[in-house]
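Asks: next comes the sequence, and after it the predicted model I'd like to discuss.
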Amino acid sequence: MASYLARRLTLAIPVLLGILFVTFSLTRLLPGDPCRSALGEKATDEICDAFNDRYGLNDPIYEQFRIYISDVLHGNLGESLKFGRPVTELMVERLPVTLELSFFAMLFAVTVGIPLGVISAYYHNSSIDVGTMIWANIGVSMPVFWLGLMLSYVFGVVLKDTPFWLPPTGRLTAGQSIEPFYVAWGLNVDGDALTLPGFIANINTLNALLVRDWDGFVDAFKHMVLPAIAVGTIPLSIIARMTRSSLLEVLGLNYIRTARAKGVREMGVVVKHGLRNALLPVVTIIGLSLGSLLSGAVLTETVFGLSGVGRILYDSITGRDYTVVQAFTLIIAVFFVFINLIVDALYAYLDPRIRLE
Amino acid sequence: MESTDQSPEVQLAAADATVISRPPKSLWRETLERLLRKPSAVVGLVILGTLLFIAIFAPVLATHDPLQVLLDVPEEGVGKRDKPCIHLFGCPGAGDSLFDATAASDIQMAALSATNSLISATSGNTITIWNRGSGKKLMDLQADQPIFAIDWSPNDQKILGITEDEVIVWDVNRRQIDRTLENPGGATLVKWNADGTRFLTASDRRVDLWDTLSWGVVSTIELESDLTEVAWNGNGTLVMTAAGRQVQLWNVFTGTAVTTLEHENPVTSARFNRGSTRIVTTAGTTLHVWNAASFAEERVIEYDQPLDNAAWSDDLSRGVERVMATSGNTGLMWSSRSGELLHEFDHGAPIEQIASSPLATRIFTKSEQLLRVWDATNGEHILSQETDGVLTSTAWQTNGGGILVADGDAVNILKTSDRQYIMGIDGNVRDQFSRVIYGTRLSLLVGLTTVTLAVIVGTISGAIAGFLGGWVDNVIMRIMDVMLAFPSLILAIAVVTVLGPGLINALTAISIVFIPAYARVARSGVLSVKEEDFVTADRALGVSQVRILFRRVLPNAMAPLIVQATLGIGTAILDAAALSFLGLGAQPPTPEWGAMLGAERNQVFTAPHLVFYPGIAIMITVLAFNLLGDGLRDALDPRLDR
């Protein structure tokens, strides 16, 4: 297992280098002179020379790349042109929102998708099966942002004044706030030490749980429901389809017949003997869906007024804040690589044959 | 492509395998037949066929040019983000009622608010206010004395009402009297100016000008004979009065006359045109057009009967300038440029009012119990409405979609046009349906071109990698790995950031992002095929590498690629829509579904139809490709068929 992981990790290094290269080229490939696009058309040659010197733009390109890598490894992702703040600071602020959203979306996709797939496979070719698969097909065909908009309209406007109303925008009701857990716990942190606690405190639901603010938790959770459904629908459909086809394959195998012959209860057959063995490809699909989840988050945050990674990416693209685009693209890609690594490891753990390949 | 393992070379190489038993059908026919046995694939094919039909015949199916702003056409009765008609049993046509309400007692005067969103009806001491859109009654405003006249402020916030010796100001938001102003002289008429900073009250021989800062009279105009007309000009700097033989313009700041337009006969009516650049007056049997800047008489039109009720029917942006007047039972319309008589409208009863719709395409004529609507361009009669009671108020809605009609205790809005907009009107007053129809072209085009590009590049690079192996394979596939490390949309966003927004750039970005998927599939297909016997046979025969790759290996590795490509089209359409939604793809006013969604997304709470239809269109298109792709996969690989 350890050697397999080591092998996978080494394989990831060139990919990570490649990602760094892509994000590096991103700002270098931008049309126009970087100095004049930053300082304006009227910047004189002397000023531009000084500017290029300061940002190392006069160095040879491989030297610039080396400096970029060393900066990134030191956690220096540059400074936002628009906010005038280090990008890392923005990340502590924005990343938790996206993580929270992705978590709930995945939770929704898995807890709904797998049972749907199981039911669908068990009642194979029944109307339930056909209905579920039609919905799954529709689910993967919907634009995330459209689903988000329609959900916020239906739950926020049409169902207003009913118990089903859900807040269509924002993270917390106006006026509601949750005390950061480090304050509640009397921890004395500030400055750089605040980074990690600040990051955790920004995950509203988690923070509310930590300080046992139940009202705050319910409020934060309610605000997450619609975005999570919007983002989670595509993975849900994919997971349901995958669970169904994989379970169908397994349910036709001999040991299932043996289990039935032994008199194992139907529930036990399907879940213990069937689902367990059918989950392997589902795990892969879950890992692969994380990509669509992140893309979905980017699109949905702008719809639901959540100030997460997607929102800042959108704002900085429209505002031509390239350092932010570069840094967040990098972070998302690196994050994605590591998720894939974890999925691979999980896969290897679940199916020992893979480790030996 | 024919099934290649029947090629003569193979038979030469394996001379003893002479009998190859194969069904006479070609692979393609077989696949197609299997595909047509899957209901979902058939549904997909049918939808795609329909979409293709829509795309090809878009100009015929669409009711409008997708880029055309309807107000420029001009089409009356359209407004920004108008909702589509979703009535179960047909939509209202010309002559149907758009709004219907009843007041507690007989209405003396009904009025639309300045923005047309509210309707008021005055009866006795009460003003009743309804919401035009929902038809709900909002409030009753009360006064102690009977109300003679009211006027809405230009921002719908206030209503001015005139009673015996007071001017009452109501606040519509707070639903109560804001203030009461003493007006001992009494008045019969009240009018706000265009920006709501001043208003005037008029009685028989006196016009008072009020200021809304001090809420007092700032100047007074005394007239020598009875007033027939009083009006503000467009920017609220001049007041026009018509009394006796004179039409006078007054400076509102000083209360002094700016000019006097003399007539030979008593003036029966006078009107500013919409831009306040001209004035039309009637006196005796003549109609006069005056320039409101130089005060020169520009045109005199003679008629053989006395004229009254002068009015304009003008839309200067289209160069339409017509003047109207009435004479007994007849409504008249002249060109104010040439003075030529354009139309005579035979109303059938003495006309009391003639008025043009805002874009000057229709007019109505009104007598005591009869309302008729006419086409202003060809003079044709459109509809007429007879009432039991006396028509007290009639007015055009500012978008020209209907006429407010009050008779007895009922208030109605009468629709004057049969036009329907089944998907509503977008934020730029364009027909949403036509835009969605034209969007089909773009989406199919986007899906097919991006995937074609990606498939060509991906297949070639993947096939080369798989076929050659070694370091070429390594280099190509590591590049693909890096590209796959980014979530596809994020990478596409990054690429568009470099290339700059635009439809072509978005297409390029999506194609680039899709390359690795096809490269992988092509590579694995090539890897599995290249060890087959017929390839070895070719090699043994000395067939060139290129020929082996393109004529032997690739055709046999095509099946998974075709499936992947079909499924990819759906994803490509989704991604392109997403980029356009973010403002990085198709730029407005291109009728692209994603861009349409993006442009109206902040209006989802008020105009959900503008978001709903493009989204549904995207969904159906993507669904069709997905169904077809799934069907193809099953058909090409029977093992999966269950």
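Replies: Arrived safely, thanks for sending.
Asks: ok, the nearest residue to residue B:606 once chain neighbours are set aside - contacts?
Replies: Distances taken as CB to CB, 6 or more residues apart in numbering or on different chains place residue B:81 nearest to residue B:606, at 7.0 Å, with adjacent residues excluded. From N, CA and C alone the C-beta is placed, and that goes for glycine too. Applying CB atoms under 8 Å, 6 or more residues apart in numbering or on different chains to residue B:81 gives the contacts B:424-427, B:600, B:603, B:606-607, B:610.
Asks: same deal with residue B:518?
Replies: With CB under 8 Å, 6+ apart, residue B:518 has these contacts: B:454-455, B:457-459, B:462, B:561, B:564-565, B:568.
Asks: hmm, 7 Å instead?
Replies: Residue B:518 makes contact with B:454-455, B:458-459, B:462, B:561, B:564, according to CB atoms under 7 Å, 6 or more residues apart in numbering or on different chains.
Asks: quick one: which of those residues is most hemmed in?
Replies: Counting neighbours by other CB atoms under 10 Å in any protein chain shown, residue B:462 leads the contacts of residue B:518 with 31 neighbours.
Asks: which of the three states applies to it?
Replies: Classification of residue B:462 by DSSP: H, G, I helix; E, B strand; the rest coil places it in helix.
Asks: pretty sure residue B:519 is one of the things it touches, is it not?
Replies: Yes - taking contacts as CB atoms under 7 Å, residue B:462 lies within contact range of residue B:519: 3.4 Å.
Asks: if we can go back for a sec, so the residue nearest to residue B:606, which state does it fall into?
Replies: Here residue B:81 is recorded as coil under three-state DSSP.
Asks: if we can go back for a sec, name the nearest of the contacts of residue B:518 relative to chain A.
Replies: For the contacts of residue B:518, the residue nearest chain A by CB to the nearest CB is residue B:564; the value is 14.3 Å.
Asks: does the closest one really touch residue B:516, like I thought?
Replies: No - using CB under 7 Å, residue B:564 makes no contact with residue B:516, being 11.4 Å away.
Asks: what about residue 126, how many neighbours?
Replies: Going with chain A. By other CB under 10 Å, 12 other residues sit near residue A:126.
Asks: if you could check chain B rather than the one you did, that'd help
Replies: Using other CB under 10 Å, residue B:126 is surrounded by 16 other residues.
Asks: one step back: pLDDT at the residue nearest to residue B:606, what is it?
Replies: Looking at residue B:81, its pLDDT stands at 81.
Asks: distance of it from residue B:413?
Replies: Relative to residue B:413, residue B:81 is positioned 18 Å away (CB to CB, to the nearest Å).
Asks: do residue B:569 as well
Replies: Separation of residue B:569 from residue B:413 (CB to CB): 47 Å.
Asks: which of the two has more residues huddled nearby?
Replies: residue B:569 (27 against 24).
Asks: skipping adjacent residues, who's closest to the closest residue to chain B within the stretch 51-200 of chain A in space?
Replies: Residue of the stretch 51-200 of chain A nearest chain B, by CB to the nearest CB: residue A:146 (3.3 Å). Setting aside the residues directly before and after it, residue A:146 is nearest to residue B:615 in space (CB to CB, 6+ apart), at 3.3 Å.
Asks: got the contact list for the one you found?
Replies: For residue B:615, the contact set (CB under 7 Å, 6+ apart) comprises A:143, A:146, A:150, B:597.
Asks: which among those gets closest to residue B:102?
Replies: residue A:150 (37.1 Å; CB to CB).
Asks: okay, and the closest one sits in which element?
Replies: Element membership of residue A:150, judged by DSSP states H and E, is helix A:144-153.
Asks: next one: residue B:438
Replies: If you go by DSSP H and E, residue B:438 is part of helix B:432-468.
Asks: just residue B:368 next, same as before
Replies: Using DSSP H and E, residue B:368 sits within no helix or strand.
Asks: now do it against chain A, distance only.
Replies: Applying CB to the nearest CB, to the nearest Å, the value for residue B:368 to chain A is 45 Å.
Asks: once you drop chain neighbours, what's closest to that residue?
Replies: Nearest one to residue B:368, counting by CB to CB, 6+ apart, is residue B:390 at 5.7 Å.
Asks: report how many residues lie close to that neighbour.
Replies: Using other CB under 10 Å, residue B:390 has 11 other residues around it.
Asks: I'd say it and residue B:406 touch.
Replies: No - judged on CB under 7 Å, residue B:390 makes no contact with residue B:406 at a distance of 9.6 Å.
Asks: C-alpha coordinates for stretch A:218-227, PDB please?
Replies: The C-alpha trace of stretch A:218-227 is given here as PDB (Å, rounded to 0.1, in the frame of the first residue of the first chain):
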ATOM      1  CA  VAL A 218     -30.000  26.000  11.500                       C
ATOM      2  CA  ASP A 219     -29.800  29.400   9.800                       C
ATOM      3  CA  ALA A 220     -26.400  28.700   8.200                       C
ATOM      4  CA  PHE A 221     -27.700  25.300   7.100                       C
ATOM      5  CA  LYS A 222     -30.900  26.700   5.600                       C
ATOM      6  CA  HIS A 223     -28.800  29.000   3.500                       C
ATOM      7  CA  MET A 224     -26.800  26.100   2.200                       C
ATOM      8  CA  VAL A 225     -29.700  23.900   1.200                       C
ATOM      9  CA  LEU A 226     -30.500  25.500  -2.200                       C
ATOM     10  CA  PRO A 227     -26.900  26.000  -3.400                       C
END
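Asks: between the longest helix seen in chain A and helix A:144-153, how big is the angle?
Replies: If you go by DSSP state H, chain A has its longest helix at helix A:214-251. Per axes from the mean of the first three to the mean of the last three CA atoms, to 10 degrees, the angle that helix A:214-251 makes with helix A:144-153 is 130 degrees.
Asks: buried ones in the next helix or strand after helix A:214-251?
Replies: Using DSSP H and E, the helix or strand that directly follows helix A:214-251 along the chain is helix A:254-262. Of the residues in helix A:254-262, A:256, A:259 count as buried by neighbour count, 16 or more other CB atoms under 10 Å in any protein chain shown.
Asks: how about residue B:546, secondary structure?
Replies: helix.
Asks: residue numbers of chain A in contact with chain B?
Replies: Contacts of chain A with chain B, taken as CB under 7 Å from any CB of the partner chain, map to A:14-15, A:18-19, A:22, A:26, A:29-30, A:137-138, A:140-143, A:145-146, A:149-150, A:152-153, A:157, A:248, A:291, A:294-295, A:298-299, A:303, A:313-314, A:317-318, A:325, A:329, A:332-333, A:336-337.
Asks: quick check: closest non-adjacent residue to residue B:371.
Replies: Distances taken as CB to CB, 6+ apart put residue B:385 closest to residue B:371, at 4.7 Å, once the chain neighbours are dropped.
Asks: CA-only coordinates of the helix or strand that neighbour falls within in CSV, if you can.
Replies: Taking DSSP H and E as the definition, residue B:385 sits inside strand B:381-386. Presented in CSV, the C-alpha positions along strand B:381-386 are these (Å, rounded to 0.1, in the frame of the first residue of the first chain):
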residue,chain,number,x,y,z
HIS,B,381,-60.9,50.4,-38.0
ILE,B,382,-59.6,47.9,-35.4
LEU,B,383,-62.2,47.6,-32.8
SER,B,384,-65.0,49.4,-31.1
GLN,B,385,-66.5,49.2,-27.7
GLU,B,386,-69.9,50.4,-26.7
